[in-house]
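Give the three-dimensional model of this entry:
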Amino acid sequence: MSDHGKETGKGLLMTANITHEIASTLLEAGAVLIRPHKPFTFTSGLRSPIYCDNRILLGDVAARRMVTRSFVARCADAQIVAGPATGGIAWAAWVAETLGIPMAYVRSAAKGHGRGRQVEGATVRGQRVVLLEDTVSTGESALQAADALRAEGALVTRCICIFTWGWAETVARFAAADLNLVPLATLAEVLDVAQRTGRLTPDERMLVEAWAANPREWSPPGM
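As a prediction, the model looks like this:
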């Protein structure tokens, strides 16, 4: 194998190791809970055998440092980092401070008073902005934030999130918006770690994967 091939292979291995480390961090911190036989109910009414609440990470110093380092490693080309309100704000602040670059945050809508701004913080016009988000499900808040940043003249091509469900509909929405979605950990990686550490049986994993493939039509076991 050539030196280039060795370097490429090493890079892929390091990336895989980091993503599995993030997945392990989410499980150990209790940010991701897997409960196929006692499903959760989302705000939308959707039933789910798995739940992700990355706000838990804000109170876990070791976990948030690990996640911040992983964000930083993927933001080397950013001139500004931005976070949608409210989930992305803390991560954007920590990453901006670590990299020593400006930060912005994006409201869900423009303020109805004062300066009437939707994008707050750094001036983004003409700047390469990387959008940071905690969890992406449908992607609504991240896509709206990207639109707002682009309306201000920002160059936004990438959204990095801690975790995403990987729904086909979400992937299609990001592709249509020409926004590359980069998760620090995917559902498959979380399930790999959960199964390896005894948190999940093979049959339970199949239930979660069936839900992820078609969440609207999924029914809990025995129902």
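
The residue nearest the centre of the chain sits in which helix or strand?
Geometric centre of the chain, nearest residue: C161, 2.0 Å, by C-alpha atoms, centre = their mean. Using DSSP states H and E, C161 sits in strand 155-164.

What residues of that strand count as buried?
Buried residues in strand 155-164, counted by 16 or more other C-beta atoms under 10 Å: V156, R158, C159, I160, C161, I162, F163, T164. Where you see a C-beta, it was placed from the backbone N, CA and C, and this is true even at glycine.

Counting by contacts, list what that strand packs against.
Applying 3 or more C-beta pairs under 8 Å, 6 or more residues apart in numbering; DSSP states H and E, we find strand 155-164 packed against helix 3-29, strand 128-136, helix 140-151, strand 180-186, helix 187-196.

what's the model's confidence in that strand, averaged?
If you average the pLDDT over strand 155-164, you get 97.

can you check stretch 104-111 too?
86.

and the gap between A185 and L33?
15 Å (C-beta to C-beta, to the nearest Å).

The two: who's more crowded?
Neighbour totals were compared for A185 and L33, and A185 leads with 27 against 15 (other C-beta atoms under 10 Å).

how much space is there between the more buried one and V32?
Counting by C-beta to C-beta, the separation of A185 from V32 is 9 Å.

And A172, by the same measure?
A172 is 24 Å from V32, where distance means C-beta to C-beta.

okay, those two: which has more neighbours?
V32 (26 against 11).

Does that one touch W165 like I think?
No - with contact defined as C-beta atoms under 8 Å, V32 does not count as touching W165 (10.9 Å).

how about low-confidence regions in the chain?
Under the criterion pLDDT under 70, the flagged ranges of the chain are 1-16, 111-116, 222-223.

90 - rerun?
Scanning the chain with the threshold set as pLDDT under 90 gives 1-19, 36-37, 42-46, 108-117, 216, 219-223.
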